[in-house]
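**Student:** give me a 3D structure for the following:
(2 chains)
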Amino acid sequence: DQQVKQNSPSLSVQEGRISILNCDYTNSMFDYFLWYKKYPAEGPTFLISISSIKDKNEDGRFTVFLNKSAKHLSLHIVPSQPGDSAVYFCAASESGTYKYIFGTGTRLKVLA
Amino acid sequence: KAGVTQTPRYLIKTRGQQVTLSCSPISGHRSVSWYQQTPGQGLQFLFEYFSETQRNKGNFPGRFSGRQFSNSRSEMNVSTLELGDSALYLCASKEGGPSTDTQYFGPGTRLTVL
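**Tutor:** The predicted structure is shown next:
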């Protein structure tokens, strides 16, 4: 039962263009969402988060959009840089459960 | 502040053996969570500890267990190892309040079961 899904295992984007990574969830009780980036041989690093009371959160080149009615969130990276090449995981949490449910990840490759 | 540390970084075991992995959280963090990462499965939640108490656990068999010490350090144990337990085991710490606290991950322990 995959409550958080990242249906695109990989994505290639040209340097300078926009990268859009998508994530869908099934549990309507999720109220906090996060994106993590993971390089090989390292643990995931936190990128950006969004609460269910918002529909957008921005931090520099990274913006996360949340569409609660569609149970969908997306991460936009503008402009994309070669150093952004990594695996990106979305995660969701329900208040009071003390756990995060992660998607299977999307491998982003930014081409120079 | 030092980050989350995990020991050992790499481990090779044979089927039927048991293994103990260790995690030291960021200083001041009282919550420690464990995850298993396998290709195609993403990060699967194992359990979360706060102040030596398990607050939640994922859908893993009883062979997977954990504990947390009074200094917030945590250990994870897997008994009667199976080939399918080969994975990257990640631990993450946070201050321990609500889910909105940011979770910080260690580099992981790569376990190979032969």
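
**Student:** spell out the secondary structure type for the residue positioned nearest the centre of chain B.
**Tutor:** With distances taken as CA atoms, centre = their mean, the residue of chain B nearest its centroid is residue B:34 (3.1 Å). State at residue B:34, reduced to three classes by DSSP: H, G, I helix; E, B strand; the rest coil: strand.

**Student:** surely it is in contact with residue B:74?
**Tutor:** Yes. With contacts counted by CB atoms under 8 Å, residue B:34 reaches residue B:74, the gap being 7.3 Å. Using the backbone N, CA and C atoms, a C-beta is placed for each residue, glycine as well.

**Student:** mutual contacts of these two, please.
**Tutor:** Common neighbours of residue B:34 and residue B:74, using CB atoms under 8 Å, 6 or more residues apart in numbering or on different chains, are B:23, B:66, B:91.

**Student:** which of these fall in strands?
**Tutor:** Judged by DSSP state E, strands contain the following of those: B:23, B:66, B:91.

**Student:** pLDDT score assigned to the residue of chain B found nearest chain A?
**Tutor:** For chain B, the residue closest to chain A is residue B:105, as judged by CB to the nearest CB, at 3.3 Å. With respect to pLDDT, residue B:105 scores 95.

**Student:** who's the nearest residue to residue B:91 once chain neighbours are set aside bridged to?
**Tutor:** Here the nearest residue to residue B:91 in space, its sequence neighbours aside, is residue B:23; by CB to CB, 6 or more residues apart in numbering or on different chains that works out to 3.5 Å. Under DSSP bridges, the beta-bridge partners of residue B:23 are residue B:6, residue B:74.

**Student:** next: residue B:112.
**Tutor:** Under DSSP bridges, the residues paired with residue B:112 across the bridge are residue B:12.

**Student:** now for it, how many residues are close by?
**Tutor:** As a burial measure, residue B:112 scores 13 neighbours (other CB atoms under 10 Å in any protein chain shown).

**Student:** which ones are touching it?
**Tutor:** Applying CB under 8 Å, 6+ apart, the residues near residue B:112 are B:10-13, B:86.

**Student:** that one and residue A:104, how far apart?
**Tutor:** Using CB to CB, to the nearest Å, we find residue B:112 at a distance of 21 Å from residue A:104.
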